[in-house]
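Visitor: predicted model and sequence below, questions to follow.
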Amino acid sequence: MLSLESPYCNATERIPTNSRILVVEDEELIRSMIVLNLTEEGYEVIEAESGKEALNILENRAQNNPDERIDLIILDLMLPEVNGLDVCRFLRYQGNHVPILILSAKAGETDRVLGLEIGADDYMTKPFSMKELIARCRALLRRVALNCNYPTFPTVRQYKDITLFPDECRVIVRGKEVNLSPKEFRLLELFMTYPKRVWEREQLIQQVWGPDFVGEAKTVDVHIRWLREKLEVDPSNPEYIVTVRGFGYRFG
Ligand code: CA
């Protein structure tokens, strides 16, 4: 588990050039160019060739060298094994707020917006100016050192080890993505938006199937059963979607 603690909050006058930067880039030429320039600027630089390697480095440091935490990540998006967006998403899901600068050949507005929405702090497109990259790194590190101003991610819903990304219709359960039907997804989203709330079957039908639904309230039970099979460790003894006798269902 990555640490939630911030190494920045005590640093009111921290000089950013002492910082440690992780460069995640699979193209060796670009990576070595960035590493060389950042090192010349006085930063300690660590390299990763894939998203998976980056996550391993971060996790190992959090566990074995908590005093040598990464202060900033420069993150490519198109990476082998685990792509950059998933790296970013996973870190935020873990509660890790390390500043992330995405450096990507994907220049479209959608990519930029998505990158920033899932928790990146800055976005630069390739080809890029090394001077600008260094200036942006410095600005990010300074901002964090002075303000402890971390981003928040209001759209992502999380409960214990279930994370739901509404904009992307994705759900991750205990680290693995699960496939939900549209109705199952809507049900789960509703539950996770209002944890602990007790829902009657008719209310769930109104919200998920809509007012024009024709059929029996038992339909809800069937979908709940399928959902439990995908979410629960033991579907016959559910921990997430709980039956409230005489009323309906409750999440959490
Ligand atoms: Ca790449």
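Guide: Done, it's in.
Visitor: tell me the pLDDT of Leu91.
Guide: Confidence at Leu91, expressed as pLDDT, is 86.
Visitor: quick one: what helix or strand has it in it?
Guide: helix 84-93 (DSSP states H and E).
Visitor: can I get the CA coordinates of the helix or strand following that helix in CSV?
Guide: Elements were assigned by DSSP H and E; along the chain past helix 84-93, the next helix or strand is strand 100-104. This file holds the C-alpha atoms of strand 100-104, laid out as CSV (Å, rounded to 0.1, in the frame of the first residue of the first chain):
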residue,chain,number,x,y,z
ILE,A,100,1.9,14.0,-12.0
LEU,A,101,2.8,15.7,-15.2
ILE,A,102,1.6,13.8,-18.3
LEU,A,103,3.9,14.0,-21.3
SER,A,104,2.1,12.5,-24.2
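Visitor: near the ion, which residues of this structure show up?
Guide: Residues of the chain lying close to the ion (C-beta under 5 Å from the ion) are 26, 76, 78. Where C-beta positions appear, they are placed from N, C-alpha and C, glycine not excepted.
Visitor: from Arg112, how far out is the residue nearest to Leu114 when sequence neighbours are not counted?
Guide: Excluding the flanking residues, the one nearest Leu114 by C-beta to C-beta, 6 or more residues apart in numbering is Leu85, at 6.9 Å. Between Leu85 and Arg112 the distance is 12 Å, computed by C-beta to C-beta, to the nearest Å.
Visitor: repeat for Ile73
Guide: From Ile73 to Arg112 the distance is 17 Å (C-beta to C-beta).
Visitor: please apply the same query to Ser32.
Guide: Taking C-beta to C-beta, one finds Ser32 at 26 Å from Arg112.
Visitor: looking at these two, which has the bigger crowd around it?
Guide: Legend: neighbour count by other C-beta atoms under 10 Å for Ser32 and Arg112, higher for Arg112 (17 against 13).
Visitor: what's the helix or strand for that one?
Guide: Per DSSP H and E: Arg112 is located in helix 109-117.
Visitor: surely Val233 is in contact with Ile162?
Guide: No. Val233 is beyond contact range of Ile162, at 11.4 Å (criterion: C-beta atoms under 8 Å).
Visitor: what's the domain layout of the chain?
Guide: Following the assignment in automatic domain parsing, the chain carries domains at 20-148, 157-251.
Visitor: just those domains: most buried one?
Guide: Neighbour counts (mean count of other C-beta atoms under 10 Å) averaged over each of those peak at domain 20-148, with a mean of 18.
Visitor: mind listing the residues bridging to the residue lying closest to Val173 once chain neighbours are set aside?
Guide: Leaving aside its sequence neighbours, Val173 sits nearest to Ile162 (C-beta to C-beta, 6+ apart; 5.3 Å). Beta-bridge pairing for Ile162 (DSSP bridges): Tyr159, Val173.
Visitor: mind checking how far Ile162 is from the ion?
Guide: 30 Å (C-beta to the ion, to the nearest Å).
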